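Q: Here you go, sequence then predicted model.
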Amino acid sequence: MFVAALAVALLLAGPTVAAAGSFGEVAFANSGSPAAQADFAAGLALLHDFEYPAAAEAFRRAQTADPGFVMAYWGEAMTYNHPVWMQQDAAAARAALARLAPTAAERQAKAATARERAYLAAVEILYAEESAGKESGEEQKRARDFRYAEAMASLQASYPDDVDAAAFHGLAILGTAHAGREVASYMRAAGLLEEAWMQHREHPGLLHYLIHCYDDPTHAPLGLRAAHLYARIAPDAGHAVHMTSHIFLALGMWPETVDTNVAAIAAVNRMRAAKGKEPARCGHYPSWLGYAHLQLGQQAEALQVLVGCRAAAEAETAAKDAEHSMDPDDSLGGSFASLRLGYLLESGDWTGEAMGWPLPPVAGPGARLDFAFARALGAIARQDAAETKLAMADLESVGREVAAAELAKGEPDPTYRVRPEIFRLEAEALLAESRRDFVGAERLAREAVALEDGLPVAFGPPSIDLPTHELLGGILLRRGRHDEARAEFERALAAAPGRRLAAQGLAAAKAQP
């Protein structure tokens with residue numbers, strides 16, 4: 001009873017114990033014992049930073065210190081839901097909650113305050129058992145996401161001074177944007193997060209989720225304030241530091257993008273070293289770092305990133321999701337293939353060392369598609385007719401396989417499903433141009449443009465590695481159609497501000513009479 005009374009007093013008087021500043025400071029009144037507070041606060045800050053495994057470990061330490069600490073189990077369960085990435089491990093979350101008590105009713109009985117019962121009830125909605133009805137598991141998850149967002153709206157209304165309620169409500173709204181790009185959902189989340197941010201300028205969740213709300217070239221200027229603050233308040237959270245580059249990249253701020261991803265990789269590797277793990281050399285942050293180096297014309301630095309990832313990919317013997325994922329972040333081989341394709345496209349080094357590197361031992365469909373596209377463009381650039389024929393056949397074969405697999409998944413975002421066809425059209429357009437079939441080249445390029453224009457806005461580097469407006473602009477420029485080329489390069493730069501090759505093409509088009 002002492003702890004419950006203390007929690008109520010703290011809730012009325014103001015914040016409770018704050019987390020260590022290296023991951024951002026939080027303050028969350030609760031009924032846990034004093035011995036569990038530091039680990040709980042660390043877990044909450046890490047949860048807001050999307051450092052999910054580390055957050056789960058911190059919450060479990062809090063559970064050990066206070067086995068009846070309801071919010072420590074709530075916190076661990078929250079780490080298994082990744083709303084922005086549309087991922088959820090419901091089984092792991094249910095197992096965490098079951099360690100508190102076997103049923104939802106028994107868990108509710110353990111909560112010491114109405115506020116804690118509200119948080120617990122919301123997370124129970126998020127992980128409710130699936131029914132045996134006609135809806136698929138994914139459809140049921142989506143329905144739970146909307147019900148959870150409604151529960152968080154109610155919780156925030158009941159506790160308007162609870163900054164974490166506002167933060168998690170905003171994140172819940174982002175979690176209902178299942179195609180990943182619904183502008184209305186992002187702006188609705190931004191509205192309530194901005195209001196809370198007026199009173200809590202350095203709250204890690206508010207800053208983080210605002211960056212996600214503004215993560216596109218049109219809205220990125222609105223996220224610049226949050227980006228400048230976030231890495232400073234959470235320098236040991238790799239994801240926090242990296243997230244700032246989502247705004248910087250969307251604005252074409254390449255030196256800042258390089259610096260933040262170097263810092264993010266360093267933060268990740270500090271955490272890995274503490275666990276006796278090797279440094280990370282592939283994945284999301286190296287990918288953004290390599291891309292930013294290329295936009296600065298720093299090919300040697302980009303190649304260094306690529307070489308490091310290649311070494312890791314060559315040593316890989318098994319990869320999570322490698323057999324079915326198109327996401328290059330899901331495997332070392334996928335990351336290497338994506339980095340290599342970007343390097344070859346930006347450098348135009350179709351006869352160099354990187355062009356000769358083989359497909360990594362563990363290669364999923366995304367890696368194989370990237371290699372097939374690079375092979376085709378390299379053969380066309382070298383005017384190797386025999387290799388071009390083989391490479392184009394390979395690209396078409398791999399593309400059909402990937403498109404069929406992606407169609408079967410039924411993902412709401414069509415990007416990975418359409419990407420193989422865009423690659424094929426781009427390669428066919430360049431091949432037609434090499435054969436002086438300029439009408440055919442333009443027609444094929446415009447077909448690719450139409451497909452890419454129908455895709456959602458990319459969060460980060462272009463999802464189509466050779467942007468179609470940039471390709472079409474180049475074809476028109478080489479035909480002396482400078483005004484039309486200028487318009488295409490301007491469209492390319494509107495989607496990817498500051499992109500080096502599009503900017504060079506625009507400058508060349510403007511330089512012509």
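A: Here it is on my side, so go on. Residues are numbered from 1 along each chain as shown.

Q: So in this protein, where's the weakest helix or strand by average pLDDT?
A: When the helices and strands of the chain are scored by mean pLDDT, DSSP states H and E, helix 2-13 comes last with a mean of 30.

Q: Can you mark which positions in the following helix or strand past it are buried?
A: Sequence-wise, the next helix or strand beyond helix 2-13 is helix 37-48, with elements assigned using DSSP states H and E. Under the neighbour-count criterion of 16 or more other C-beta atoms under 10 Å, helix 37-48 has 37-48 buried. Every C-beta, even on glycine, is put in place using the N, C-alpha and C of the backbone.

Q: contact partners of helix 37-48?
A: Taking C-beta atoms under 8 Å, 6 or more residues apart in numbering as the criterion, the residues outside helix 37-48 that touch it are 16-20, 23-28, 30, 32, 52, 54-59, 61-62, 65, 69, 71-72, 75-76, 78-79, 164, 167, 203-205, 208, 234, 237.

Q: for stretch 109-127, same thing?
A: With C-beta under 8 Å, 6+ apart as the test, stretch 109-127 has contacts from 3-4, 7-8, 11, 29-31, 68, 70-71, 74, 77-78, 80-81, 88, 90, 93-94, 97, 100-101, 104, 107-108, 144-145, 147-148, 151-152, 154-155, 158-159, 162.

Q: quick one: the residue most central in space within the chain from residue 175, how far?
A: Among the residues of the chain, the one closest to the centroid is residue 85, at 6.6 Å (C-alpha atoms, centre = their mean). Residue 85 sits 9 Å away from residue 175, going by C-beta to C-beta, to the nearest Å.

Q: element containing residue 457?
A: Residue 457 is part of no helix or strand, with elements assigned from DSSP H and E.

Q: what's the nearest residue to it if we skip its chain neighbours?
A: When the adjacent residues along the chain are set aside, residue 457 lies closest to residue 216, with 4.8 Å between them (C-beta to C-beta, 6 or more residues apart in numbering).

Q: Quick check: pLDDT value at that neighbour.
A: As summarised for this prediction, residue 216 has a pLDDT of 92.

Q: Is it correct that it falls within a helix?
A: No - assessed with DSSP: H, G, I helix; E, B strand; the rest coil, residue 216 is coil; it does not lie in a helix.

Q: shouldn't it be in contact with residue 456?
A: No - under the criterion of C-beta atoms under 8 Å, residue 216 is not in contact with residue 456, lying 9.5 Å apart.

Q: The two: who's more crowded?
A: When neighbours are counted by other C-beta atoms under 10 Å, residue 216 comes out ahead of the other of residue 216 and residue 456, with 20 against 16.

Q: Can I get the buried part of the contacts of helix 37-48 as one PyMOL selection?
A: This is how PyMOL selects the buried members of those, with burial counted by 16+ other C-beta under 10 Å:
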select buried, resi 16+17+18+19+23+24+25+26+27+28+30+32+52+54+55+56+57+58+59+61+62+65+69+71+72+75+76+78+79+164+167+203+204+205+208+234+237
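
Q: after the strand or helix carrying residue 293, next one along is what?
A: Using DSSP H and E, residue 293 maps to helix 284-295. Next along the chain after helix 284-295, taking DSSP H and E as the criterion, comes helix 299-315.

Q: other SSEs contacting that next one?
A: In terms of contacts (3 or more C-beta pairs under 8 Å, 6 or more residues apart in numbering; DSSP states H and E), helix 299-315 is packed against helix 284-295, helix 332-347.

Q: Report the angle between the first one and helix 332-347.
A: Going by axes from the mean of the first three to the mean of the last three C-alpha atoms, to 10 degrees, helix 284-295 is angled at 10 degrees with respect to helix 332-347.

Q: And helix 284-295, what does it pack against?
A: Contacts of helix 284-295 with other secondary structure elements, assessed using 3+ C-beta pairs under 8 Å, 6+ apart, are made with helix 238-250, helix 254-274, helix 299-315, helix 332-347.

Q: From the chain's centroid, how far away is that helix?
A: 14 Å (C-alpha atoms, centre = their mean, to the nearest Å).

Q: Report the angle between it and helix 299-315.
A: Orientation check (the same axes, to 10 degrees): helix 284-295 against helix 299-315 gives 150 degrees.

Q: need the strands for the chain, in chain order.
A: Taking DSSP state E as the test, the strands found in the chain are 81-82, 87-88.

Q: Outside of the first one itself, list whatever touches it.
A: Translated: strand 81-82. Counting by C-beta under 8 Å, 6+ apart, the neighbours of strand 81-82 from elsewhere in the structure are 50, 52, 87-89, 93, 126-127, 175.
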